[in-house]
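*Asks:* requesting a structural model of the entry that follows:
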Amino acid sequence: MHYKKTKTPKIHSGSFYLTEQTLQVLNFIAELENISRSLIVENALISAFKGFKNGEKKKEKNLP
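*Replies:* Sure, this is the predicted structure:
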């Protein structure tokens, strides 16, 4: 075979790759909203899976 199979399981980390354009958009929104990029991604995922009302509730909870 042209590749080696490893018997070790995959390790899942807390990071993932984004395109440069996506990072620029996230940076812009983070500066505009004055929150971290991770909170923006978290709110976007919550909105996508549970609806936009729950995402807004999560956002309001994180504001000082």
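*Asks:* how about the helices in this structure?
*Replies:* 20-33, 37-50, 52-62 (DSSP state H).
*Asks:* and those helices, which is most packed in?
*Replies:* Highest mean neighbour count among those (mean count of other Cβ atoms under 10 Å): helix 37-50, with a mean of 14. Every residue, glycine included, has its C-beta placed from N, CA and C.
*Asks:* can you spell out which helices and strands pack onto it?
*Replies:* In this structure, helix 37-50 packs against helix 20-33, helix 52-62, with contacts taken as 3 or more Cβ pairs under 8 Å, 6 or more residues apart in numbering; DSSP states H and E.
*Asks:* worst average pLDDT in those helices?
*Replies:* When the helices and strands packed on helix 37-50 are compared on average pLDDT, helix 52-62 comes out lowest at a mean of 59.
*Asks:* how near is L32 to T19?
*Replies:* Counting by Cβ to Cβ, to the nearest Å, the separation of L32 from T19 is 20 Å.
*Asks:* my error: substitute A48 in the last question.
*Replies:* Counting by Cβ to Cβ, the separation of A48 from T19 is 18 Å.
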